[in-house]
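Asker: Fold the following and give me the result.
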Amino acid sequence: MSKLKAIREQKNLTQEELSEKSKISVRTIQRIESGTVPKGHTRRALAQALEIEESGLMADLPQAAAPAETVEMEEGIEERIEEETVSINYSYVKIINLSSLLFTLLPPLNILVPLLLMFTMKQKNNLVRQIISVQMIWTVMAPVIFMLGIFLKLGKQFTPILMILIVLSNVFIILRNASEIDRNKKLYFCLKFSMI
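Answerer: Sure thing, here's the model as predicted:
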């Protein structure tokens, strides 16, 4: 059992609770508990969250001698990853996602408002980019589907139903993503690429 896991369990914390308290991702905590040695910012944040000395996390861990250059490079990469991880505030991400809901009937605003919030809340992470990308795809696809419905000449009574279904599809996407952000800190509907 890793030292981090032992201390975490002794303090009656789940990985998620420690993640929230330390602002270190659950994935990073899992890696450390399976044997990765915490460095730099990660070690400091975890020690502070657990209210122990940094050296307490290092006790009972084998120290492998590595060239100084390799250690510096690994710490630099890890710190860049941690900066991005730390900068994700899931409450803000959820607000940015739900802001699209207010402007579902005004398609350009369902992109612009989250985009403005992304910059004002300083949440320029992949999750927010995916939220905005999904809204961009929906904004492009909604009129195409509407026009397709008109060209199929399904009748005048079908047009308002189609409009309602298009709007409800976006409401469903936004609410389902908000639910997934709450539960798993990720999106349910996302793209394999980012449009911004």
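Asker: residue contacts, the residue nearest the centre of the chain?
Answerer: In the chain, the centroid-proximal residue (Cα atoms, centre = their mean) is residue 127; its distance is 4.2 Å. Counting by Cβ atoms under 8 Å, 6 or more residues apart in numbering, residue 127 touches 88, 93, 181, 186, 187. For glycine as for every other residue, the C-beta is placed from the backbone atoms N, C-alpha and C.
Asker: try residue 19
Answerer: 25, 26, 29.
Asker: Would you mind naming the helix or strand containing it?
Answerer: If you go by DSSP states H and E, residue 19 is part of helix 15-22.
Asker: Show me which residues of that helix are buried.
Answerer: For helix 15-22, the neighbour count (16 or more other Cβ atoms under 10 Å) marks 15, 18, 19, 21, 22 as buried.
Asker: Ok, stretch 102-118 next?
Answerer: Neighbour-count burial for stretch 102-118, counted by 16+ other Cβ under 10 Å, picks out 103, 104, 107, 109, 110, 111, 112, 113, 114, 115, 117, 118.
Asker: Let me know the secondary structure of the fifth one.
Answerer: Using DSSP: H, G, I helix; E, B strand; the rest coil, the secondary structure recorded for residue 110 is helix.
Asker: what's the helix or strand for the residue nearest to the centre of the chain?
Answerer: helix 126-151.
Asker: Report the distance from that helix to the chain centre.
Answerer: Distance of helix 126-151 from its chain centroid, counting by Cα atoms, centre = their mean, to the nearest Å, is 21 Å.
Asker: Can you give me the buried ones in that helix?
Answerer: For helix 126-151, a neighbour-count test (16+ other Cβ under 10 Å) marks 127-136, 138-139, 142, 149 as buried.
Asker: swap in stretch 184-196?
Answerer: 185, 187, 190.
Asker: any idea which of the buried residues of stretch 102-118 is closest to residue 195?
Answerer: Proximity of the buried residues of stretch 102-118 to residue 195 (Cβ to Cβ) peaks at residue 111, which lies at 9.6 Å.
Asker: Would you mind measuring from that closest one to residue 133?
Answerer: According to Cβ to Cβ, to the nearest Å, residue 111 stands 9 Å off from residue 133.
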